[in-house]
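Colleague: I'll drop the sequence and a predicted model, then ask my questions.
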Amino acid sequence: MKSVLLGNGINIQFGGKAYSNYFIMERIRYRAKLDSYLQLFGNVLTSCEIVSILDGFVNIANDLRNGAYDQYIDGDKGIEEAIKDFKCRYNANINASYEIMLEDWFLLVQVFFLKNNDITDNKTAAIQGFERLILDAIYNGGKIQELFKKIPRKVKRFFNTYDNIFTLNYDNNLEMLTKKTVFHLHGDFSVLA
């Protein structure tokens, strides 16, 4: 039995730079400036504050790289391993928020709340809010669901040689392309949470 696991590389390959970290971050910033995300944060944060928080991830990431959060780990082996992995992958100074992989935002939110445990009641809402920002920007007004139209037939034939297709992506392009069941490990846009 043959299986394949795919990530966002396939979306970048056929959807172009629009699905790179840089453009996903730019969409988040643009939509934040249009006040599209105020309701996500209960109208507590302004659009400027949301953009400021995104920019603040750069400082948190560099502080994390430089060990400024090590003292707050408090024996949590999962966080400790995640930070160790983060430090290995980010071995140079981070200058812009798009240089931080989207998956790492959640670690940065976690360590922020480790350091600021007096406001830890907001952690779940903050994580959910950032998750929705990211998903909205990846969804790109539904355009991501149309990428299968750009994928050549030879790629379709290639994927049809696999018995199981697993993906980390939320879009449904592989299903549309292959007419097969695709297993979404993080969830998908066609199923409401």
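Modeller: Great, that's in hand.
Colleague: which regions of this protein lie under the pLDDT threshold?
Modeller: Applying pLDDT under 70 to the chain flags residues 192-193.
Colleague: Relative to residue 72, how far out is the closest residue to residue 61 other than its chain neighbours?
Modeller: Spatial nearest neighbour of residue 61, excluding adjacent residues (Cβ to Cβ, 6 or more residues apart in numbering): residue 94 at 4.7 Å. Where C-beta positions appear, they are placed from N, C-alpha and C, glycine not excepted. Between residue 94 and residue 72 the distance, using Cβ to Cβ, to the nearest Å, works out to 19 Å.
Colleague: just residue 96 next, same as before
Modeller: Distance of residue 96 to residue 72, given as Cβ to Cβ: 25 Å.
Colleague: who's more crowded, the two?
Modeller: More crowded of residue 96 and residue 72, by other Cβ atoms under 10 Å: residue 72, with 16 against 12.
Colleague: got the contact list for the closest residue to the more buried one other than its chain neighbours?
Modeller: Nearest residue to residue 72, sequence neighbours excluded (Cβ to Cβ, 6+ apart): residue 114, at 4.0 Å. The contact partners of residue 114, taken as Cβ atoms under 8 Å, 6 or more residues apart in numbering, are 69, 72-74, 79.
Colleague: After the one helix or strand residue 114 maps to, which helix or strand is next?
Modeller: Assigned by DSSP states H and E, residue 114 falls within helix 102-115. Remark: after helix 102-115, the chain's next helix or strand is helix 123-139, criterion DSSP H and E.
Colleague: Break down the chain into its strands, ranges please.
Modeller: Taking DSSP state E to define them, one finds strands in the chain at 3-6, 164-167, 182-184.
Colleague: And for the shortest one, what's in contact with it?
Modeller: In other words, strand 182-184. Taking Cβ under 8 Å, 6+ apart as the rule, strand 182-184 contacts 164-167, 169-170, 172, 174-175.
Colleague: which pair in these spans the largest distance?
Modeller: Of all pairs drawn from the contacts of strand 182-184, the widest gap by Cβ to Cβ lies between 164 and 170 and measures 18.3 Å.
Colleague: Thanks again, I'm all set now.
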